[in-house]
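**Q** Provide a 3D model corresponding to the input given below.
(one chain, ligands or ions: 2)
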Amino acid sequence: MIRIGIAGYGNLGRGVESALTTTADMKLVGVFTRRNPDTLKTKTGAPVYAMDQAKDMADQIDVMILCGGSANDLPKQTAELAQYFNVIDSFDTHAKIPEHFAAVDAACKKSGKIGMISVGWDPGMFSLNRLYGQAILPNGHDYTFWGKGVSQGHSDAIRRIPGVQDARQYTIPVEAALESVRRGENPELTTRQKHTRECFVVAKEGADKAEIEKAIVTMPNYFADYDTTVHFITQEELDRDHAGIPHGGMVFRTGTTGLNGENQHVIEYKLTLDSNPEFTSSVLVAFARAAYRLHSEGQTGCKTVFDVAPAYLHPESGEALRAKLL
Ligand SMILES: NC(=O)C1=CN([C@@H]2O[C@H](COP(=O)(O)OP(=O)(O)OC[C@H]3O[C@@H](n4cnc5c(N)ncnc54)[C@H](OP(=O)(O)O)[C@@H]3O)[C@@H](O)[C@H]2O)C=CC1
Ligand SMILES: N[C@@H](C[C@H]1CC(C(=O)O)=NO1)C(=O)O
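**A** Ligands and ions are numbered 1, 2, ... in the order given. As a prediction, the model looks like this:
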């Protein structure tokens, strides 16, 4: 039985808690939070501990699944907890993945643990499909489109701005760009030409809304390269009109084969998600199984989804997989 800890109890933390109830080979030992653990009750009745108690429980947990925010939490937490645990996170600030990988790799190499970063759907499943497309159709173009849906990373980043009480960020694909790709026109598209971003923000009493809006639209790696609109609404309106966290998207690869490129092929990998956090958490749980197995085989250091053979994700044996899924 693989013993799991959850570090951080937000949308993703609750999603991991739920995803673990569907496994027969994994169990939740406990949830770790930076808040007062006595103020939190988990959905499944799993115990809640203070984050600084985690290191004292290192012998009770095989993999710690980190569910903090990429903007502020994971850059500190993943490498910190890698001193004591095999760790896995969903770190999604794409521009900073190389530096995050280096920090987690150094911590894991020192502690003899395994770390997996940037596990989810983008980065994660979409990353894998971009790699497959380029490897299989080297003569081609790939495109990634998200939404319309709620980006958890962008929503989390807004919530971290001083004066913000709550927020949801919708990512919206530019239809003309999407249709041009679908028509096989292989357009050259800038970041700004592919998506727009729409934010719904609840400001704290007395907060400077102009300053909040400016902090959002100029935020590097999240909003600076996009046309972004910001709406200020009440908490009641956010809870009423923006309660769900749906999302999805597509990775396209269009490429040619034949000595003269005479044949065109289109690969399309699509996700349609009722719950972005619950899907992301399901990916995290499958890769947590792989992290445990790889560490049991003596692997250490930092990995990404590119480094994991698919069979490590599945609960069944190689023999069963060959008989049923090949
Ligand atoms: N790779 C991918 O495909 C994806 C990655 N992600 C990543 O997941 C990250 C986490 O997203 P999400 O779970 O939605 O973020 P949340 O804002 O729900 O939670 C982030 C952290 O904030 C704290 N927190 C949560 N709720 C509250 C609250 N009410 N009051 C105070 N603190 C709170 C928790 O830490 P604590 O319990 O310690 O207080 C939690 O771990 C995102 O930043 C994103 O980067 C998300 C989706 C897909
Ligand atoms: N990491 C994203 C998952 C996808 C969604 C997204 C976006 O809408 O910009 N980028 O990647 C998230 O936090 O939801």
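**Q** can you list the residues of the stretch 1-150 of the chain near ligand 1?
**A** 8-13, 33-35, 51, 67-70, 73, 90, 92, 118, 120-124 (Cβ under 6 Å from any ligand atom). Heads up, the C-betas are built off the backbone N, CA and C, glycines and all.
**Q** Below-threshold pLDDT in the protein: ranges please.
**A** Under the criterion pLDDT under 70, no range of the chain is flagged.
**Q** residue boundaries of the helices in it?
**A** Assigned helices in the chain, in chain order: 11-20, 74-81, 97-111, 125-136, 152-159, 175-182, 191-194, 209-217, 235-241, 276-296, 318-324 (criterion: DSSP state H).
**Q** How much space separates the nearest residue to Q60 once chain neighbours are set aside from V164?
**A** With sequence-adjacent residues excluded and distances taken as Cβ to Cβ, 6 or more residues apart in numbering, Q60 is closest to V29, at 5.6 Å. With the distance defined as Cβ to Cβ, to the nearest Å, V29 ends up 33 Å from V164.
**Q** ok, these two, which is more surrounded?
**A** More neighbours sit around V164 than around the other of V29 and V164, counting by other Cβ atoms under 10 Å; the figures are 21 against 17.
**Q** May I have the beta-bridge partners of that one?
**A** When bridges are taken as DSSP bridges, the partners of V164 come out as A203.
**Q** Ok, the one 5 residues further on next?
**A** Counting by DSSP bridges, Q169 is bridged to C199.
**Q** same check, this time on the one 4 residues further on
**A** Here P173 sits in beta bridges with H195, as judged by DSSP bridges.
**Q** try T33
**A** A50.
**Q** Now I233: closest residue in space, sequence neighbours ignored.
**A** On the basis of Cβ to Cβ, 6+ apart, the spatially nearest residue to I233 that is not a chain neighbour turns out to be F200, at 5.5 Å.
**Q** correction: Q53
**A** The shortest distance from Q53 to any residue other than its chain neighbours is 7.0 Å, reached at F32 (Cβ to Cβ, 6+ apart).
**Q** swap in I88?
**A** Of all residues beyond its chain neighbours, the one nearest I88 is M116 (4.3 Å), with distances taken as Cβ to Cβ, 6+ apart.
**Q** tell me the contacts of the one you found?
**A** Remark: with contacts taken as Cβ atoms under 8 Å, 6 or more residues apart in numbering, M116 is in contact with 87-89, 287-288, 290-291, 302-305, 308.
**Q** how deep is the closest residue to ligand 1 within the stretch 201-326 of the chain tucked in, by neighbour count?
**A** Among the residues of the stretch 201-326 of the chain, T280 lies nearest to ligand 1; the distance is 3.9 Å by Cβ to the nearest ligand atom. Residues contacting T280 under the criterion other Cβ under 10 Å number 28.
**Q** mind checking how far it is from C67?
**A** In this structure, T280 and C67 are separated by 9 Å, where distance is defined by Cβ to Cβ.
**Q** Likewise for A106?
**A** Look at A106 and C67: by Cβ to Cβ, they are 22 Å apart.
**Q** again with N263
**A** N263 sits 45 Å away from C67 when distances are taken as Cβ to Cβ.
**Q** of those two, who's got more company?
**A** Set N263 next to C67 and count neighbours by other Cβ under 10 Å: C67 wins out with 30 against 9.
**Q** Next, the contact list for the more buried one, please.
**A** With contacts defined as Cβ under 8 Å, 6+ apart, C67 is in contact with 6-10, 12-13, 15-16, 90, 281, 284.
**Q** before we move on, what about T78?
**A** 66, 87, 89, 91, 100, 103-104, 107, 115, 117.
**Q** So which of the residues you listed is the closest to G248?
**A** Using Cβ to Cβ, the shortest approach to G248 within those belongs to F91, at 20.6 Å.
**Q** K110 - nearest residue in space that isn't next to it in sequence?
**A** If you skip the residues right next to it in sequence, K110 has Q83 as its closest partner in space, 7.4 Å away by Cβ to Cβ, 6+ apart.
**Q** quick one, phi psi at that neighbour?
**A** In this entry, Q83 is assigned phi and psi values of phi -70, psi -30 (degrees, to the nearest 10).
**Q** Surely it is in contact with S111?
**A** Yes - with contact defined as Cβ atoms under 8 Å, Q83 counts as touching S111 (5.1 Å).
**Q** contacting residues around the residue in the stretch 201-326 of the chain positioned nearest to ligand 2?
**A** Closest to ligand 2 within the stretch 201-326 of the chain is N276: 5.1 Å, counting by Cβ to the nearest ligand atom. Residues in contact with N276 (Cβ under 8 Å, 6+ apart) are 11, 149-152, 245-247.
**Q** Count the neighbours of T33 for me.
**A** With neighbours defined by other Cβ under 10 Å, the count for T33 comes to 21.
**Q** pretty sure it is touching A46, no?
**A** No - contact status for T33 versus A46: not in contact, 11.7 Å apart, counting by Cβ under 8 Å.
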